[in-house]
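> Fold the following, please.
(4 chains)
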2 protein chains.
Amino acid sequence: MNPHQTIRLAVIDTDSGFVTVLSKRAEAAGWQLRHAAGAVPPEELVAMKLNAVLLDPAVLGDEGWEYLERVCGMLPDLGVIVCTGRSTVAQRVRGLRLGVDDWITKPCHPEEAMARVEAVSRRRRRGRNEAEAGPVIAAELEIRPDQFQAFVGGDSLDLTRREFELLQLLAGAKGQVLERETIYQRVWGYAMAHGDRSVDVFIRKLRQKLEKRSPNWGYIHTHFGVGYRFDPEPAEGLLDEPLVIPDAAPAPEPSSQVVHSSFTAG
Amino acid sequence: MNPHQTIRLAVIDTDSGFVTVLSKRAEAAGWQLRHAAGAVPPEELVAMKLNAVLLDPAVLGDEGWEYLERVCGMLPDLGVIVCTGRSTVAQRVRGLRLGVDDWITKPCHPEEAMARVEAVSRRRRRGRNEAEAGPVIAAELEIRPDQFQAFVGGDSLDLTRREFELLQLLAGAKGQVLERETIYQRVWGYAMAHGDRSVDVFIRKLRQKLEKRSPNWGYIHTHFGVGYRFDPEPAEGLLDEPLVIPDAAPAPEPSSQVVHSSFTAG
DNA sequence: CGCCTGCTTTCACAGGATTTTCACAGAACG
DNA sequence: CGTTCTGTGAAAATCCTGTGAAAGCAGGCG
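Purely as a prediction, here's the structure:
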């Protein structure tokens, strides 16, 4: 659906020049990048929930082939792209037969490397359901992208398409305040017309359905003049127990992330 | 997986030397090869049931890009590998972004070309639903891919080809909502044209045949605005009359505090 | 070669479900 | 205290699906 799906990539290389340039571009494109200078155990790669890994087996020395084999064997769903210097046809063929998805030769234009990572990720994502993403769980709320449904305590909320996408967006950015414009842009896919109240209406519908299943919860908070914020914790004061979390929590909503309200009236 | 699975590849190129050498090797490896010297309509590519197509867009002249776009757009499941002479980074990036899976530069060792075709086909095959081999059994429904038939309680449903493939797809992804586009893509083999209602029509036929054999079952659920979902469990409320949505029920929520049992999907 | 038959695709329309719009009341803000 | 913004209920508009039937196709048979 979304043409600009965010890509999670790990780069295993010591070529600092290449890595730096690539990182800059990738982050500009909104990718999530991890970098390592040596072999990363396949288990950790799994934990990173990557789309693809871009590596130069040369930095692994003699273990290069073995590592490649292990990664390709254990993680058949992970896109593997080799980007290395001189290599023979035989080496490339060996790698590709082993499970490598693409083999690029350095020096390589970072834009092309990115395009190839995209190509591999795209093909990987295909076939699997489009809306591939693990279920999101917030408190007793569970969101299943593969079913287009959300559950509270096991009961389906019976959401419509827009309601579902809105909830998915909010819950996915839990703790963050999302401006109406942003919400509209992301859920509806195009810019919000001036004076459009659709977001408010759908927020109400969501609140209704959520609170029917789970009263006194207060998932969705209004930020006057700005937008809405989803909070998986019970609303304070409703359970006669304020429960101030923010102090203990090491990562409350970083106000640097939260866009300030440039809400233009009139 | 078997490393030597037979691959069906179409080569669109006029470089007779390259084609000859490649053909020889590919046939030695047991691949099924087709050759064309000009643009082949996407419909024909579909009919060939290919794993991948290897082409040099240069032989198509000005239509090269357009053709690439058409093929990649209509056949998102087909592996597309470009193998051409000089090309700029910008061209390669454009192609890869467009949907091309790999871009090789001539001169190119045929062994490497083959390895890349394999890599693309491998990844393509992986995504597909695995459950296309063995018989699928869901409740009292049994699907036998080897016979192209489905049975309910032992009675054949007498399905046509499309009906069968649709049912197979749905039942293989039971519990998951499949979007119309996805369904069409997988059953028909190419992208759905805007406004095509074929999926709906076949869903109706399936429902008719299924419910004639097993009334009050409700296998196929509609997700408004999204697609369909196959559910092997009997639809609730059809075997009895438990009613729906108590209007003034004081405690409709059961054990909302207790940890819920995760929805058991097959 | 032409007809017949069954399958697939297309079309138009009706009935619903969903989304958008609107007007007003209440709440928040300065 | 006035202005701006949000919550709400309901009407209006839009979109989506179910359905019946006709048109297009392909293959089998006389």
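> residue contacts, the residue nearest to A:Y219 when sequence neighbours are not counted?
Using Cβ to Cβ, 6 or more residues apart in numbering or on different chains and skipping residues adjacent in sequence, the residue nearest A:Y219 is A:L210, 5.4 Å away. The way it works is simple: take the backbone N, C-alpha and C, and place the C-beta from them, glycine included. For A:L210, the contact set (Cβ atoms under 8 Å, 6 or more residues apart in numbering or on different chains) comprises A:L141, A:V152, A:L157, A:W217, A:Y219, A:I220.
> Next, count neighbours for the first one.
Look at A:L141: counted by other Cβ atoms under 10 Å in any protein chain shown, it has 22 neighbours.
> Please report phi then psi for it.
Main-chain torsions, A:L141, degrees, to the nearest 10: phi -100, psi 130.
> Distance of it relative to DNA strand C?
The gap separating A:L141 from DNA strand C is 19 Å, by Cβ to the nearest atom of the strand, to the nearest Å.
> Check the spacing between A:I7 and DNA strand D real quick.
28 Å.
> That residue: how many residues sit nearby?
Count around A:I7 with other Cβ under 10 Å applied: 22.
> about what we covered before: give me the element the residue nearest to A:Y219 is part of.
Per DSSP states H and E: A:L210 is located in helix A:198-213.
> Output the helix or strand following that helix as CSV, restricted to C-alpha atoms.
Toward the C-terminus, helix A:198-213 is succeeded by strand A:220-223 as the next helix or strand (DSSP H and E). What follows is strand A:220-223, C-alpha atoms only, in CSV (Å, rounded to 0.1, in the frame of the first residue of the first chain):
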residue,chain,number,x,y,z
ILE,A,220,-7.6,8.5,23.7
HIS,A,221,-6.7,11.9,25.1
THR,A,222,-7.5,15.2,23.5
HIS,A,223,-4.8,17.9,23.2
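> Given strand A:220-223, what are its sheet partners and their directions?
Paired neighbours of strand A:220-223 in the sheet (DSSP bridges): strand A:227-230 (antiparallel).
> Please save the CA atoms from the strand it pairs with in PDB.
C-alpha atoms of strand A:227-230 as PDB (Å, rounded to 0.1, in the frame of the first residue of the first chain):
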ATOM      1  CA  GLY A 227      -4.800  16.700  18.200                       C
ATOM      2  CA  TYR A 228      -5.000  13.400  20.000                       C
ATOM      3  CA  ARG A 229      -2.800  11.000  21.900                       C
ATOM      4  CA  PHE A 230      -3.200   7.400  22.600                       C
END
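> Could you confirm whether that strand reaches DNA strand C?
No. If you take Cβ under 7 Å from any atom of the strand as the test, strand A:227-230 misses DNA strand C, and the best it gets is 12.9 Å.
> Name the residues of the stretch 51-200 of chain A found near DNA strand D, please.
Counting by Cβ under 7 Å from any atom of the strand, the stretch 51-200 of chain A sits next to DNA strand D at A:R180, A:R197, A:D200.
> swap the cut-off to 10 Å and go again
Neighbours of DNA strand D within the stretch 51-200 of chain A, by Cβ under 10 Å from any atom of the strand: A:R161, A:E179, A:R180, A:G195, A:R197, A:S198, A:V199, A:D200.
> Show me where chain A has its helices.
Assigned by DSSP state H, chain A shows helices spanning A:16-28, A:42-47, A:64-74, A:89-98, A:110-125, A:161-172, A:180-188, A:198-213.
> For B:V53, find the nearest of the ones you listed.
Nearest to B:V53, of all the helices of chain A, is helix A:110-125, at 14.1 Å by Cβ to Cβ.
> among the contacts of A:L210, who's most crowded?
A:Y219 (25 neighbours).
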